[in-house]
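Undergrad: Could you look at this predicted model? Sequence included:
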Amino acid sequence: AMKHNAKMRARRHAISVMRFNEATAFIDSVKAQGFSGMDGIQALMVGSSKRFDGARRSVSALREGIYKIWMSPLLTELEAVDNGLHLMREDKAFHDDIFREMREPGSTGNAQAQQIGEIFSRYTEQARQQLNAAGADIGKLDGWTPQTHDQYKLLQGGERGRQEWIDFVFDRLDVDRSFPGATPQDLDAILDHVRQDILTGKPLFLPQSDSMPHARASSKFEHHPLIFML
């Protein structure tokens, strides 16, 4: 595990250096065309209306392009499932069956939900592979489904509400798959930080403890989107 973590850190560093060099070269090219460094930074992030090479090849435009590339075929496949999109919008029980099918294919006896569950699982796996190709280190988890928590509901109840949410998640958590090596005290702190992350949207930095080796704590619990296995 430590060798793998070291390899991933080296890979991410190499990718970061490459991207930094690309950005620096682009800004230099913008300045060489008679514009400012800030013009170059703006073009990189959101695009620019000014006339220079690369003014509209921004991160924002790239993100929008990737979104369209994914959404168009996804919607086409979903629309091909008889009445599937309508049921997804209107029928909560059908929606729940889709998630059950993603976790355990063939478990509901609902052919339409199984079709849609297979579509979502396939696109999710493609996304995982593309993210890893870009420098992420996301392992494959069979039966994974997306999970959401309502920020406004989490704000309710003060300290009592905070502890109720922690207890609710803890009781449903597959600890060995989500946070191997964590003690109950670790999990309480982890879930509290997760709650804060959901409420604020800020990057998550989790505390380390003596019960978790430093390498594991830093690689498994820090700087990564958290995935619960329930």
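TA: That came in fine, so what should we check first? Because the structure is predicted, anything quoted here is derived from the model rather than measured.

Undergrad: Name the residues of the lengthiest helix in the chain that come out as buried.
TA: When the chain is parsed with DSSP state H, its longest helix is helix 2-32. By 16 or more other CB atoms under 10 Å, the buried positions in helix 2-32 come out as 26-27, 30. All C-beta spots, glycine's among them, are computed from the backbone N, C-alpha and C.

Undergrad: repeat for stretch 90-105
TA: Neighbour counts over stretch 90-105 (16+ other CB under 10 Å) mark 94, 97-98, 100-102 as buried.

Undergrad: Now intersect the residues you listed with the helices, please.
TA: 94, 97-98, 100-102.

Undergrad: Verify the contact between S60 and A43 for me.
TA: No. Using CB atoms under 8 Å, S60 is not in contact with A43; the gap is 10.2 Å.

Undergrad: More neighbours: those two, which one.
TA: Shown here are S60 and A43; by other CB atoms under 10 Å, A43 has more neighbours (25 against 12).

Undergrad: so who does the more buried one touch?
TA: 26, 30, 50, 52, 54-58 (CB atoms under 8 Å, 6 or more residues apart in numbering).

Undergrad: what sits up against stretch 157-165?
TA: For stretch 157-165, using CB under 8 Å, 6+ apart, the contacting residues are 149, 154-155, 191-192, 195.

Undergrad: Pull out the buried positions in that stretch.
TA: Buried residues in stretch 157-165 (16+ other CB under 10 Å): 162, 165.

Undergrad: pLDDT (mean, whole number) over it?
TA: For stretch 157-165, the mean per-residue pLDDT is 88.

Undergrad: Ok, stretch 10-29 next?
TA: So the average pLDDT for stretch 10-29 ends up being 94.

Undergrad: How far does that stretch sit from its chain's centre?
TA: On the basis of CA atoms, centre = their mean, to the nearest Å, stretch 10-29 is displaced by 23 Å from the centre of the chain it belongs to.

Undergrad: Check stretch 29-44 too.
TA: 31 Å.

Undergrad: Dump the C-alpha coordinates for that stretch into PDB.
TA: Extracted in PDB, the C-alpha atoms of stretch 29-44 (Å, rounded to 0.1, in the frame of the first residue of the first chain):
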ATOM      1  CA  SER A  29       2.000  33.200 -25.600                       C
ATOM      2  CA  VAL A  30      -0.800  35.600 -24.600                       C
ATOM      3  CA  LYS A  31       1.700  38.200 -23.400                       C
ATOM      4  CA  ALA A  32       3.700  37.700 -26.600                       C
ATOM      5  CA  GLN A  33       0.600  38.700 -28.600                       C
ATOM      6  CA  GLY A  34       0.400  42.000 -26.700                       C
ATOM      7  CA  PHE A  35      -2.000  41.100 -23.900                       C
ATOM      8  CA  SER A  36      -1.500  40.900 -20.100                       C
ATOM      9  CA  GLY A  37      -0.900  37.900 -17.900                       C
ATOM     10  CA  MET A  38      -4.300  38.500 -16.300                       C
ATOM     11  CA  ASP A  39      -5.900  38.200 -19.800                       C
ATOM     12  CA  GLY A  40      -4.200  34.800 -20.100                       C
ATOM     13  CA  ILE A  41      -5.400  33.600 -16.700                       C
ATOM     14  CA  GLN A  42      -9.000  34.800 -17.500                       C
ATOM     15  CA  ALA A  43      -8.900  32.900 -20.800                       C
ATOM     16  CA  LEU A  44      -7.600  29.800 -19.000                       C
END
